[in-house]
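Peer 1: Sequence first, predicted model second:
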Amino acid sequence: MKFKKSEKLYNKGLKHLVGAVNSPVRAFSSVGGNPLFIKKAKGSKITDVDGNEYVDLVLSYGPMVLGHRHKAVEKAAKKALKKGYSFGASTEAEIRLAKIVCDAFPEMDKVRFVNSGTEAVLSAVRLARAFTGKDKIIKFSGCYHGHQDSLLVAAGSGLATLSLPGSKGVPEGAVKNTLIAEYNNLESVKKHFEKHDDIAGVIIEPICGNMGVVIPQNDFLIKLKKYLETKGALLIADEVMTGFRSKFGGAQELLGVTADITCLGKVIGGGFPVGAYGARNEIMQEVAPLGGMYQAGTLSGNPIAMAGGISTLTELKRQNPYEQFNETAHILEVILLETAKKYSVDLVVNRFGSMMNPFFTKDVVTNFEEAQSSDTKKFAVFFWEMIKNGVFLPPSQFEAWFLSSAITDKDIKKVAEAVDKAMLAVSQMKD
Ligand code: HOZ
């Protein structure tokens with residue numbers, strides 16, 4: 001497999017783009033080598049500029065739940081494109097997408113569309129503060145909620161990938177109201193409430209995908225919500241990854257829990273830039289123009305993105321692929337674990353719905369500390385062997401693998417063959 005054109009574009013890109021990328025994880029920093037440049041994608045496959053075709057398990061970090069360029073989505077986006085790209089005024093499409101979203105989340109009466117998951121979360125945090133009149137927010141180590149200042153501490157995703165404890169340029173004051181708890185550990189939340197009486201809420205990825213996939217254990221979410229109710233604090237569910245992906249009603253439907261404020265992104269734009277936050281009327285009443293919590297955006301509710309979202313969610317409802325996701329993830333889990341056993345490689349696989357990934361460790365992974373015990377050098381070797389054998393994975397131990405409804409049996413066979421070669425390579429690594 002050759003990567004000459006990618007290499008050439010990477011070197012060219014270094015001149016005017018930071019690290020030749022527009023989001024750090026794309027730079028392949030933790031796996032070494034040069035990043036791949038992509039030419040096109042269709043269905044379950046993605047093709048780089050050298051013409052190498054891969055089974056895509058990145059899926060743009062989640063949005064492409066139907067696979068790339070689904071017919072219905074492409075048709076809807078093209079139709080919208082012909083009518084104009086942006087108006088700075090309301091359209092009927094926004095009302096249609098809002099209804100689909102609110103219908104899927106039982107306690108969501110109103111939603112506000114923004115342009116990214118980061119924007120959705122930063123607005124949701126502001127809203128929680130506006131509604132409760134309190135300042136402090138608890139987040140869990142290893143969860144990543146976008147790159148807003150106040151939550152850029154103990155974060156997963158790119159920060160975990162680059163081993164950064166936080167970000168330069170975030171003033172102390174910006175994080176002074178952020179408290180850190182441990183995922184799957186209710187006591188660590190309670191300890192903060194014992195010390196502080198000004199906690200507005202707790203933000204969580206209900207199924208975490210940003211320290212690798214980590215799953216709530218023993219009804220953690222349900223217990224957390226019950227506890228927060230006794231404290232008058234809000235539960236903010238960051239469902240940017242899981243919304244419409246774990247189930248149509250997100251991880252909340254799957255886990256039987258209802259958040260006070262829900263953040264969405266990725267799937268609700270079908271690959272176009274969208275984010276959203278929503279809640280019951282009583283809370284959304286605070287948002288301008290109804291209330292005094294200000295939040296705005298020139299491109300918010302963009303007509304092409306709305307068309308992408310409506311068509312994706314309509315098709316997703318029709319397909320109802322959630323059982324199929326479980327089955328496919330189970331098959332991949334068995335492939336990974338059996339191959340690891342064959343080559344005596346320590347491996348743990350975490351999966352939930354259409355999100356999964358392996359950790360190169362022998363112990364269970366239920367929180368950030370345990371996720372960090374994974375051998376990232378082994379992951380790097382595994383990653384490159386998967387690439388060389390035609391499977392596109394996130395170039396980080398701490399990013400989830402995603403499934404789409406476009407994946408075929410032939411793709412799974414290709415993944416299995418690649419896993420065999422990759423695991424063999426890992427087993428041959430010298431200490
Ligand atoms: N925020 C995405 C999920 N971790 C990763 C995409 C990126 O950082 O580029």
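Peer 2: It's in.
Peer 1: Check what pLDDT the closest residue to the ligand within the chain gets.
Peer 2: Per C-beta to the nearest ligand atom, S23 is where the chain lies closest to the ligand, at 3.1 Å. Placement of C-beta: from N, CA and C, glycine included. At S23, the model reports a pLDDT of 95.
Peer 1: thought it was touching L162?
Peer 2: No. Between S23 and L162 there is no contact under C-beta atoms under 8 Å: 12.0 Å.
Peer 1: thinking again about what came up before, how many residues are close by the residue of the chain closest to the ligand?
Peer 2: Neighbour count of S23, defined by other C-beta atoms under 10 Å: 12.
Peer 1: what's it in contact with, if anything?
Peer 2: By C-beta atoms under 8 Å, 6 or more residues apart in numbering, the contact list for S23 reads G158.
Peer 1: And it, how far from G249?
Peer 2: 28 Å (C-beta to C-beta, to the nearest Å).
Peer 1: what do you get for S167?
Peer 2: 33 Å.
Peer 1: Which of the two has more residues huddled nearby?
Peer 2: Remark: of S167 and G249, G249 carries more neighbours, 18 against 15, as counted by other C-beta under 10 Å.
Peer 1: Next up, phi/psi of the residue lying closest to the more buried one once chain neighbours are set aside, please.
Peer 2: Distances taken as C-beta to C-beta, 6 or more residues apart in numbering place A104 nearest to G249, at 4.8 Å, with adjacent residues excluded. Dihedral angles of A104 (phi, psi; degrees, to the nearest 10) stand at phi -80, psi -20.
Peer 1: thinking A104 is in contact with F248, fair?
Peer 2: Yes. Contact criterion C-beta under 8 Å: A104 and F248 qualify, at 5.4 Å.
Peer 1: These two: which is more packed in?
Peer 2: Using other C-beta under 10 Å, the more surrounded residue of A104 and F248 is A104, with 22 against 18.
Peer 1: how about the more buried one, what does it touch?
Peer 2: So A104 contacts F244, F248, G249, G250, E253, L313 (C-beta under 8 Å, 6+ apart).
Peer 1: Output those residues in a markdown table; the columns should cover pLDDT and secondary structure.
Peer 2: Converted to a markdown table, the contacts of A104 look like this (pLDDT from 0 to 100; DSSP: H, G, I helix; E, B strand; the rest coil):
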| residue | pLDDT | secondary structure |
| --- | --- | --- |
| F244 | 97 | coil |
| F248 | 96 | coil |
| G249 | 96 | coil |
| G250 | 95 | helix |
| E253 | 94 | helix |
| L313 | 98 | helix |
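Peer 1: Report the two of these separated the most.
Peer 2: Among these, the pair separated by the greatest distance (C-beta to C-beta) is E253 and L313, at 14.0 Å.
Peer 1: Of the two, which one has the most company?
Peer 2: Legend: neighbour count by other C-beta under 10 Å for E253 and L313, higher for L313 (23 against 19).
Peer 1: mind checking how far S405 is from E323?
Peer 2: Separation of S405 from E323 (C-beta to C-beta) stands at 11 Å.
Peer 1: nope, S90 is what I was after
Peer 2: 37 Å.
Peer 1: tell me which parts of the stretch 301-431 of the chain are close to the ligand?
Peer 2: E399 (C-beta under 6 Å from any ligand atom).
Peer 1: next structured bit after the lowest-mean-pLDDT helix or strand in the chain?
Peer 2: Lowest on mean pLDDT, DSSP states H and E among the helices and strands of the chain sits helix 157-161, with a mean of 76. Later in the chain than helix 157-161, the nearest helix or strand by DSSP states H and E is helix 172-175.
Peer 1: hey, C-alpha coordinates of that next one in PDB?
Peer 2: Below are the C-alpha coordinates for helix 172-175, written out as PDB (Å, rounded to 0.1, in the frame of the first residue of the first chain):
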ATOM      1  CA  GLU A 172      -7.600  29.900  35.900                       C
ATOM      2  CA  GLY A 173     -10.800  31.900  36.400                       C
ATOM      3  CA  ALA A 174     -12.400  30.000  33.500                       C
ATOM      4  CA  VAL A 175     -12.100  26.700  35.300                       C
END
